[in-house]
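Visitor: pasting a predicted model and its sequence here:
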Amino acid sequence: MISKRIVLTFPEKIVTKPITYKLVKEYDLQFNILRAEITADIEGKALIEIKGSKEKVEAGLKYLEKEGVTIQDASKDIIIDKEKCISCGVCPSLCITSALFLDKNSYELIFDKDKCILCGFCENSCPVNAIKLKI
Amino acid sequence: MAKTIEEINEKIKKGEVVVLNAEEIIDYAAKNGIKKTAKDIDVVTTATFGPMCSTGAFLNFGHSDPPIRMTKVWLNDVPAYAGIAAVDAYIGATELSETEDMKYGGAFVIEELIDGKPVKLRATSYGTDCYPRKEIETYITLDSINNAFLFNPRNTYQNYAAATNSSNKTIYTYMGKLLPNFGNVTYSSAGQLSPLLNDPYYRTIGIGTKIFIGGAQGFIAWHGTQHNPGRERAPNGTPIGPAGTLALIGDLKKMSTEYIRAAVFFNYGITMYVGVGIPIPVIDEEMVEFLKISDEYIYTEIYDYSIQRRSKLSYGRINYKQLRSGSIILNGKRVATGGLSSYFKATEIAEVLKNLIKEGNFYLTNPVAGIPAEEKVNVLDVLSRDEL
């Protein structure tokens, strides 16, 4: 049994297809949707955790790719460049798990890595380019 | 008892001046009362560090040999306005690079100049009898050119709107990334630290007031564009939404990128964070009434930025204490909030200015003229000549 965190991108034409359903039914995979959204360009994006035997996970991912889904490993790490960061509040407003927040007294940006689910919503939001996502 | 600027400056000279920042004055006034606060405190420092698109710098490059009357100018491939004298130009913060599009622009050129980095200057001309050269390509630094001063037509907004997004897609705006279905709310004011919210009727802030700007000492040049003092106000004098503005000037050669920074709002464009600190003299008890304002009593309106029109739907009023808490309740749902303006940096600037005054390195000025208390804001309608 292995477990993998991946970001799936569904292009517009297959956004409405019941693709993930097949992963359960035909590949016997467990999955947990941690985050999902339809982005501005009408792409579907989902952060999922997938569990199953090694062979079935691999076969399931192959099936997804065949259907036109782009698979990306969830970002392994998020790095906040404290030298560049100006502690505005843009990224905290996008962080659903409140891993990024402003200290209640100093209003300095704090990043609590343990809370981060690496969804990448903060990507592109930083006005001074202080957030780096490692995929 | 009223205090004059001259009396306060005398105290600065003697090292006896008492300065608090606009956050500290809140508790001080609550504990000591208006009368004692007015007597004890001489100056309150206010500050802001927010994205200010209306930013740019006038540059004079010096004359080449043979000389050129520059008609088109590019700095690191970013167009600068050259429709003024021969080697003068204005580089605007939001101007985009012709080669790197939205990754680089005027604000970055200004930042690199301040950091002392070489910048490529390219200019073309039609050539005249007195300015025969038709093109030039060379490198400049902030030190190598004659003059460089920041001139911002609109800064230090007296309050600003808050933004949300009711649509079902992510939108990218000058208020930042707004998630679908009211996914977040952004705002942009230093609230209780903000200069014009601490002097809401422009009693002490005026044309000629000396300020801290981008790490240097500068001045208020004029009231800013879109200055709108007539905005509805709360009983404490603070406007509910964007109101007064200031035009600011400062020496780029003395600035530091610690206090002025280029920024990109993804899929929107380039802007510049400008650190501004304005000292407010505690001239009388009435001034303390204004200076003791706290975030809880400063309100703004939340607008739906997915409406691509001049008038946007309002989702009600909210105070800055709620906005700064990290989340608010909107339509019965808890929604994360975030400020574009950095309160952390604003506090730092208010402290820097406080220390400059205490150490005798910053004296206060009497304004030479006031900021208009009344001004009409016009809109742009698409009209034929006859309809005007």
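Guide: Sure thing, it's come through. Numbering: from 1, shown residues only, chains lettered A, B, ... in the order given.
Visitor: in chain B, which segments are predicted with low confidence?
Guide: B:1 (pLDDT under 70).
Visitor: closest point of the stretch 101-250 of chain B to chain A, which residue?
Guide: Of all residues in the stretch 101-250 of chain B, B:N184 sits closest to chain A, at 4.2 Å by Cβ to the nearest Cβ. For glycine as for every other residue, the C-beta is placed from the backbone atoms N, C-alpha and C.
Visitor: quick check: residues of chain A near chain B?
Guide: Chain A has residues A:37-40, A:42, A:86-96, A:98, A:101-102, A:106-109, A:121, A:124-125, A:127-129 near chain B, with proximity defined as Cβ under 8 Å from any Cβ of the partner chain.
Visitor: of those, buried ones?
Guide: Among the residues of chain A next to chain B, the ones that count as buried by 16 or more other Cβ atoms under 10 Å in any protein chain shown are A:37-38, A:86-95, A:101-102, A:107-109, A:121, A:124-125, A:127-128.
Visitor: follow-up on the earlier one: the residue of the stretch 101-250 of chain B closest to chain A against B:G338, yeah?
Guide: Yes - between B:N184 and B:G338 a contact is recorded at 6.6 Å, counting by Cβ atoms under 8 Å.
Visitor: now the terminal residues of stretch B:361-372, how far apart.
Guide: End-to-end distance of stretch B:361-372 (Cα to Cα, to the nearest Å): 30 Å.
Visitor: contacts for it, please.
Guide: B:5, B:8-9, B:12, B:43, B:202, B:204-210, B:212, B:217, B:220, B:223, B:227, B:229, B:244, B:246, B:279, B:281, B:353, B:356-357 (Cβ atoms under 8 Å, 6 or more residues apart in numbering or on different chains).
Visitor: sort out for me which of those are in strands.
Guide: Counting by DSSP state E, these place B:43, B:210, B:212, B:217, B:220, B:223, B:246, B:279, B:281 in strands.
Visitor: need the max-distance pair from those residues.
Guide: Spatially, the most separated pair among those is B:V43 and B:H223, at 22.7 Å (Cβ to Cβ).
Visitor: returning to what we had before: what's near enough to touch the residue of the stretch 101-250 of chain B closest to chain A?
Guide: Going by Cβ under 8 Å, 6+ apart, the list of residues near B:N184 reads A:93-94, B:164-165, B:177-178, B:335-338.
Visitor: one more time with 7 Å
Guide: Counting by Cβ atoms under 7 Å, 6 or more residues apart in numbering or on different chains, B:N184 touches A:93-94, B:178, B:335-336, B:338.
Visitor: cool, and A:N32?
Guide: By Cβ under 7 Å, 6+ apart, the residues touching A:N32 are A:48-49.
Visitor: helix, strand or coil: sort out the residue nearest to the spatial centre of chain A for me.
Guide: With distances taken as Cα atoms, centre = their mean, the residue of chain A nearest its centroid is A:C119 (2.9 Å). For A:C119, the assignment made with DSSP: H, G, I helix; E, B strand; the rest coil gives coil.
Visitor: and the closest residue to it other than its chain neighbours, how far from chain B?
Guide: Closest residue to A:C119 apart from its sequence neighbours, by Cβ to Cβ, 6 or more residues apart in numbering or on different chains: A:R35 at 4.4 Å. Separation of A:R35 from chain B (Cβ to the nearest Cβ, to the nearest Å): 12 Å.
Visitor: higher neighbour count, B:V43 and B:H223?
Guide: Neighbour count, other Cβ atoms under 10 Å in any protein chain shown: between B:V43 and B:H223, B:V43 has more, with 25 against 21.
Visitor: how far off centre is the host helix or strand of A:K132?
Guide: Under the criterion of DSSP states H and E, A:K132 resides in strand A:131-134. With Cα atoms, centre = their mean, to the nearest Å as the basis, strand A:131-134 stands 12 Å off its chain's centre.
Visitor: pairing partners for it, with directions?
Guide: Paired neighbours of strand A:131-134 in the sheet (DSSP bridges): strand A:77-80 (antiparallel).
Visitor: in chain A, which spans are helices?
Guide: Assigned by DSSP state H, the helices in chain A fall at A:19-25, A:54-66.
Visitor: in CSV: these, plus mean pLDDT and mean neighbour count.
Guide: Compiled in CSV, those are given as follows (pLDDT from 0 to 100; neighbours: other Cβ atoms under 10 Å in any protein chain shown):
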stretch, mean pLDDT, mean neighbour count
helix A:19-25, 81, 15
helix A:54-66, 89, 15
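Visitor: out of those helices, the one nearest B:E23 is which?
Guide: The nearest among those, by Cβ to Cβ, is helix A:19-25 at 50.1 Å.
Visitor: distance of B:T45 from B:Q322?
Guide: Separation of B:T45 from B:Q322 (Cβ to Cβ, to the nearest Å) stands at 25 Å.
Visitor: again with B:E232
Guide: 19 Å.
Visitor: just A:K25 next, same as before
Guide: Counting by Cβ to Cβ, the gap from A:K25 to B:Q322 is 47 Å.
Visitor: same check, this time on B:I349
Guide: 24 Å.
Visitor: looking at these two, which is more packed in?
Guide: Applying other Cβ under 10 Å to B:I349 and B:Q322 shows that B:I349 carries more neighbours, namely 28 against 17.
Visitor: phi, psi for B:I114 please.
Guide: In terms of degrees, to the nearest 10, the main-chain angles of B:I114 are phi -60, psi -40.
Visitor: so it touches B:E258, yeah?
Guide: No - with contacts defined as Cβ atoms under 7 Å, B:I114 does not count as touching B:E258, sitting 9.7 Å away.
Visitor: between these two, point out the one with more neighbours.
Guide: Applying other Cβ under 10 Å to B:I114 and B:E258 shows that B:I114 carries more neighbours, namely 26 against 15.
Visitor: and the more buried one, what does it touch?
Guide: B:142, B:252, B:255-257, B:260.
Visitor: now B:S54
Guide: For B:S54, the contact set (Cβ under 7 Å, 6+ apart) comprises B:152-155, B:225.
Visitor: distance check, it against B:P153.
Guide: Applying Cβ to Cβ, the value for B:S54 to B:P153 is 5 Å.
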